[in-house]
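Peer 1: Generate a structure from the sequence data that follows.
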Amino acid sequence: MSRYYISGRQIQLGKLIGSGGEGKVYLSAEAPSKAIKIYGDSGNSTRSEKIQKMVSLGLSKKTELISFPDEIVTSDSGKIIGFSMNFVRDHQPVHNLYGVKSRKHLFPDVDYRFLVRVATNIARAMAQVHASPCVIGDVNHSGVLISKNATVALIDADSFQLKEGGLTYPCVVGVPDFTPPELQGKSLRSVERTQIHDQFGLAVLIFQVLMMGRHPFFGKGRDLSLEECIAQNLFAYTKISSHGITPPPGVPTLDCFPEAISNAFEYSFASSGINGRTTANQWVSLLQEMENSLVKCSVNTKHYYVGQKNGCPWCKMENATGAILFNSGVSVLSSSFTIGDIEKVLSEILSFKIDDERLFPKLPDLLDPSATWLAKSAKTKRFVKKCISIFLWCVSLLSLLALFANQGIAMLICAGFFGWLAYQLGNNESKHWVTKYRDLENKWNESLISWREKVALGIFQTKYNLEKAIFELKELDKEKDYRLKKLKEGHRERQLQEFLDRHLIKNVKIKSISPSLVTSLASYGIESAADIDYNRIRNLPQFGDVRTGNLVAWRRGIEQSFQYNPSTQSRDISAQNQIANEFELKMRDKKNYIEQQKRIFDQARASISKISQFEDANLSEQHLVLEQLKVDLKFLKLPIPAPTPVAPIKKPLFAQRPQSYSGASVSQTSQSPSVTAPICPQCSSQMVRRSGRRGAFWGCSRYPRCKGTRNI
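Peer 2: Take a look at the predicted model:
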C-alpha cells in the first residue's frame with residue numbers, strides 16, 4: 001500500500017472525489033477543507049518543478065478563487081507525486097449553469113441577473129490569474145466552477161502556464177472550443193501561452209453564459225466544423241462583416257446587449273482582434289455596468305434584459321425555440337384551474353370586439369380657423385369671373401336689340417359664348433376644391449385604417465395565442481387519455497419486446513452467422529432478437545435468403561418461449577406515472593402560458609381603451625390639413641361632401657384560422673385510436689412510420705427525446 005507525505009509527515013487520503021487522465025483527487029482525511037491530488041503516471045520533472053515553484057511563490061495564499069497547489073505530496077522515496085489544495089465544495093462546472101436543462105435542476109431559483117453576475121466573477125477570477133506569474137492556457141468549461149451564490153472557483157491550476165525566474169513552465173493541453181484562431185491546429189506543447197490567448201477563451205465563456213450556452217462561432221449557412229469556423233474567424237453573431245455564417249434561428253443577436261458589450265465581443269472575436277481582445281478587468285467593468293442596466297420582464301420575473309432595447313429577448317427566444325430558459329417565473333396555477341375555468345377565458349376573449357368607430361387617436365384642434373390665402377385668392381378670382389360673366393351676358397342681351405343691325409348676330413353669338421366660358425371657369429374652380437377634399441379624405445381614411453390595424457395587431461395576436469393554447473390544452477388532455485389507453489393495449493407487446501431485447505445475437509451461435517457478420521449487423525443497429533426483421537436484414541450486404549432465414553428462425557424460437565404475464569407490474573406502474581407526470585408538466589406549462597397571455601390580453605385591451613389619450617404624428621398632420629380644407633370650403637361657400645365610410649379593421653392572416661385548428665395538433669400521438677401504429681417499447685408513446693437507408697421502420701413520435709424503434 002502506497003504511503004504519502006507532506007513535509008515529511010505521513011498523511012491519510014479520504015474519499016475519492018474525482019479522477020482524470022493525470023491522476024485522482026481525494027479528500028484529505030485530516031483537513032476537510034483540503035483536497036489531495038495524486039498523479040497516476042511515473043512522474044514528470046517539468047511538472048514537478050512547476051508545482052514546487054507555485055508552492056514556493058505562495059500563490060494559494062493570495063487568492064481563494066483559484067485552487068493553486070498549497071503543499072507538495074511525496075512518496076516514500078521523496079519523489080513528488082502530487083499536492084494538496086483548497087477543496088472547492090458545493091460548486092458545479094459552468095456548463096451546468098449555461099446549459100438550459102441542467103440549470104433548471106442544479107440552479108432552479110436563478111434568474112438572468114445571476115448569469116450576468118457569474119460572468120463578471122469568471123472575468124474577476126481570470127484577472128486574479130493574470131495578476132500572478134500565470135496564464136491559464138487551457139481555458140475550458142470544466143475548469144470553472146460555480147456556486148449557488150454566483151461565486152467562481154478555478155481548478156486544475158497545476159496545468160496553468162507559469163513563467164518565473166526566466167523559465168517558462170508550459171500548459172501543453174487545450175480544448176478546441178476555447179482555443180483562439182491563431183492556435184487552432186498547432187501543437188500546444190511548443191507554444192508559449194499569453195494573456196491574449198486566455199482573453200479569447202474568456203470571451204467564449206462569457207458569451208456562452210450570457211447567451212444560454214450558444215457558442216459564438218456556431219451558426220448556420222456553411223458546412224464547416226466548429227474548429228474551422230474559429231480558425232477562419234467566422235464569428236456567427238458579428239454585425240460588422242458578412243461571411244456566410246449566421247446565428248441559429250430564434251437566438252438573440254448582439255443587439256440584446258449594451259453597445260459596449262457588443263463591441264467587446266466584436267473585438268475579442270474579430271480577425272484583427274489578436275492585439276485588441278477585451279481584457280479580464282475590462283470585462284469586469286463592462287459586465288457590472290450591464291447588470292446595473294437590467295430591467296425586469298413584465299411577463300416572466302426570471303427574465304431580465306437591458307433597458308431601452310426592443311422588449312425581452314428571452315421571451316422572444318422561448319417563443320421562437322420552444323425552450324423554457326428558466327424555471328417558471330410565472331406563478332403556477334392551482335389544481336382548481338380546470339378546463340371549465342379556461343372555457344370562461346375563451347368565452348371572454350371571443351366576446352371582445354374592437355369598436356372601429358370609436359378607435360381614434362387624440363386629434364389636435366385647428367389653432368387658426370381662418371381661410372388660407374389660396375382660398376381667399378380663389379374667392380377673389382371667382383368674383384371677378386362672375387362679374388365678367390354677368391357683363392358678357394348683359395352684352396349678349398343688348399345685342400338682341402341690335403339683331404337686325406350690322407353684325408348684330410355675330411355680336412350675340414360671341415358675347416354668349418364668352419359669358420358661358422366665364423361661368424364654366426368659375427364652376428370648374430369649385431369642382432377642383434371638392435376633388436381636393438375627396439383626395440385628402442381618402443388619404444386620411446387609408447392612414448386611419450393602417451393605424452387601427454397596427455393598434456389592434458397586438459390584441460389580435462394575443463387572442464390567437466390564447467385560442468390556440470386553449471385548444472392545445474384540451475388536446476393534451478385527450479392525448480393523455482389516449483396514451484394511457486394504448487399503454488394498456490400494448491401491455492403484451494411491450495413485454496414481448498423487452499423479452500426479445502434481452503436475447504443478444506453476439507451471445508449465441510447461429511448457423512452461418514460468423515462473428516464478423518455479427519459485427520456487421522451491430523453496425524446497422526441489429527443487436528438483439530427484437531431487431532430482427534426479414535426485409536430489413538435481407539437487403540444488407542452478405543445476407544442472402546439462407547442467413548436471413550436462420551436469423552428469423554432463431555428469433556421465432558425465442559418468441560415461442562415467451563410467457564405473457566397479464567398482471568400489472570412495477571414497470572407498468574412506472575410507465576403510467578411517467579405519462580401522467582409528463583402531461584402534468586405539459587398542462588401546467590400550458591396553463592401558465594394561458595395565464596400569461598391573458599394578462600397580456602388584458603393589458604392590450606386596457607391600452608386600446610386609452611388610445612384616444614395619445615396622438616399619432618402622421619394622423620394629426622393629415623387631420624389638421626383636412627380641417628383647414630373644411631374651413632376653406634365654408635369660406636368659399638362650397639358644400640362639404642358627405643364623409644366616406646371608413647373600411648373595418650381586417651384581421652391579420654394568422655388570426656384567420658379554421659375553427660378546428662387542424663394545423664395546431666400538439667403531437668402525432670393525438671391521432672384517433674383507430675391508428676394501427678404500434679407503441680414505443682421504450683416510452684410507450686405512439687410510433688410513426690419512418691424511412692431510413694435500409695427501408696421503412698417504426699420510430700418513436702417523441703424522437704429525438706426517445707429513440708425507440710420497431711421493425712415493420
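Peer 1: where does the stretch 1-150 of the chain have low pLDDT?
Peer 2: 1, 42-43 (pLDDT under 70).
Peer 1: Can you spell out which helices and strands pack onto the longest helix along the chain?
Peer 2: Counting residues, the longest helix in the chain under DSSP state H turns out to be helix 408-489. Under the contact criterion of 3 or more Cβ pairs under 8 Å, 6 or more residues apart in numbering; DSSP states H and E, helix 408-489 touches helix 339-351, helix 373-401, helix 570-609, helix 617-635. (C-beta placed from N, C-alpha, C; glycine too.)
Peer 1: right, and the ones you listed - which one's nearest residue 283?
Peer 2: Nearest of these to residue 283, taken as Cβ to Cβ: helix 570-609 at 34.1 Å.
Peer 1: related to what we said a few turns ago, tell me which helix or strand comes right after the longest helix of the chain.
Peer 2: Going down the chain from helix 408-489, the next helix or strand is helix 491-501, by DSSP states H and E.
Peer 1: I'd like the mean pLDDT over the longest helix of the chain, please.
Peer 2: Per-residue pLDDT values across helix 408-489 average out to 75.
Peer 1: One more: stretch 305-312?
Peer 2: Average pLDDT, stretch 305-312: 81.
Peer 1: quick one on the thing from earlier: what angle do the longest helix of the chain and helix 617-635 make?
Peer 2: Helix 408-489 runs at 150 degrees relative to helix 617-635, counting by axes from the mean of the first three to the mean of the last three Cα atoms, to 10 degrees.
Peer 1: Now do stretch 431-442: everything it contacts.
Peer 2: By Cβ atoms under 8 Å, 6 or more residues apart in numbering, the surrounding residues in contact with stretch 431-442 are 378, 622, 625-626, 629-630, 632-633, 636, 638, 640-641, 643-644.
Peer 1: what residues are up against the residue nearest the centre of the chain?
Peer 2: For the chain, the residue nearest the mean C-alpha position is residue 317 (2.8 Å; Cα atoms, centre = their mean). Neighbouring residues of residue 317 by Cβ under 8 Å, 6+ apart: 212, 250-252, 323, 325.
Peer 1: Pipe these into JSON lines and attach distance to residue 563, secondary structure and pLDDT per row.
Peer 2: Output for the contacts of residue 317, formatted as JSON lines (distance: Cβ to Cβ, whole Å; DSSP: H, G, I helix; E, B strand; the rest coil; pLDDT from 0 to 100):
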{"residue": "212", "distance to residue 563": "50", "secondary structure": "coil", "pLDDT": "89"}
{"residue": "250", "distance to residue 563": "50", "secondary structure": "coil", "pLDDT": "81"}
{"residue": "251", "distance to residue 563": "53", "secondary structure": "coil", "pLDDT": "85"}
{"residue": "252", "distance to residue 563": "57", "secondary structure": "coil", "pLDDT": "90"}
{"residue": "323", "distance to residue 563": "45", "secondary structure": "coil", "pLDDT": "64"}
{"residue": "325", "distance to residue 563": "49", "secondary structure": "coil", "pLDDT": "84"}
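Peer 1: out of those, what pair is the most spread apart?
Peer 2: Pairwise distances across those (Cβ to Cβ) peak at 12.5 Å, for the pair 252 and 323.
Peer 1: Neighbour count for those two, which is higher?
Peer 2: Counted by other Cβ atoms under 10 Å, residue 252 and residue 323 do not tie: residue 252 has more neighbours, with 21 against 13.
Peer 1: Distance-wise, check the more buried one relative to residue 305.
Peer 2: Note on residue 252: its distance to residue 305, by Cβ to Cβ, to the nearest Å, is 9 Å.
Peer 1: and for the two, which residues touch both?
Peer 2: Both residue 252 and residue 305 are in contact with 313-314, where contact means Cβ under 8 Å, 6+ apart.
Peer 1: picking up where we left off before, can you check which of the helices and strands packed on helix 408-489 gets nearest to residue 294?
Peer 2: Comparing the helices and strands packed on helix 408-489 against residue 294 with Cβ to Cβ, the closest turns out to be helix 570-609 (20.3 Å).
Peer 1: which residues of the stretch 51-200 of the chain fall in strands?
Peer 2: Taking DSSP state E, counting those that start in this stretch, the strands of the stretch 51-200 of the chain run over residues 71-74, 80-86, 91-93, 134-135, 144-147, 152-154, 161-164, 167-169.
Peer 1: so which of these is the most packed in?
Peer 2: Each of those was scored by mean neighbour count; the highest is strand 134-135, a mean of 24, by mean count of other Cβ atoms under 10 Å.
Peer 1: returning to what we had before: can you lay out the contacts of residue 317 as CSV showing distance to residue 283?
Peer 2: What follows is the contacts of residue 317, written out as CSV (distance: Cβ to Cβ, whole Å):
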residue, distance to residue 283
212, 19
250, 27
251, 21
252, 19
323, 26
325, 23
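Peer 1: quick one: which of the residues you listed is nearest residue 364?
Peer 2: residue 252 (39.3 Å).
Peer 1: Compute the distance between that closest one and residue 316, please.
Peer 2: Distance from residue 252 to residue 316, by Cβ to Cβ: 7 Å.
Peer 1: what do you get for residue 597?
Peer 2: Following Cβ to Cβ, the distance that separates residue 597 from residue 316 is 15 Å.
Peer 1: Could you check which of those two is surrounded by more residues?
Peer 2: Shown here are residue 597 and residue 316; by other Cβ under 10 Å, residue 597 has more neighbours (23 against 16).
Peer 1: Could you tell me whether residue 35 really is in a helix?
Peer 2: No: counting by DSSP: H, G, I helix; E, B strand; the rest coil, residue 35 is located in no helix; its state is strand.
Peer 1: Look up which residues are beta-bridged to it.
Peer 2: Residues in a beta bridge with residue 35, per DSSP bridges, are residue 27, residue 85.
Peer 1: quick one: it from residue 61, how far?
Peer 2: Separation of residue 35 from residue 61 (Cβ to Cβ): 16 Å.
Peer 1: Which of these two has more residues huddled nearby?
Peer 2: The neighbour count for residue 35 versus residue 61, taken as other Cβ under 10 Å, is higher for residue 35 (24 against 9).
Peer 1: Let me see the domain layout of the chain.
Peer 2: Taking the TED database as the reference, the chain has its domains at 1-87, 107-321, 333-659, 675-711.
Peer 1: Which residue ranges of the stretch 51-200 of the chain form helices?
Peer 2: Using DSSP state H, counting those that start in this stretch, the helices found in the stretch 51-200 of the chain span residues 59-62, 95-98, 100-106, 112-130, 195-210.
Peer 1: Which one of these lies nearest to residue 294?
Peer 2: Across the helices of the stretch 51-200 of the chain, closest to residue 294 is helix 112-130 (Cβ to Cβ), at 5.9 Å.
Peer 1: What residues sit buried inside that closest one?
Peer 2: 112, 114-130 (16 or more other Cβ atoms under 10 Å).
Peer 1: can you check stretch 444-462 too?
Peer 2: Under 16+ other Cβ under 10 Å, the buried positions of stretch 444-462 are 444-445, 447-449, 451-452, 455-462.
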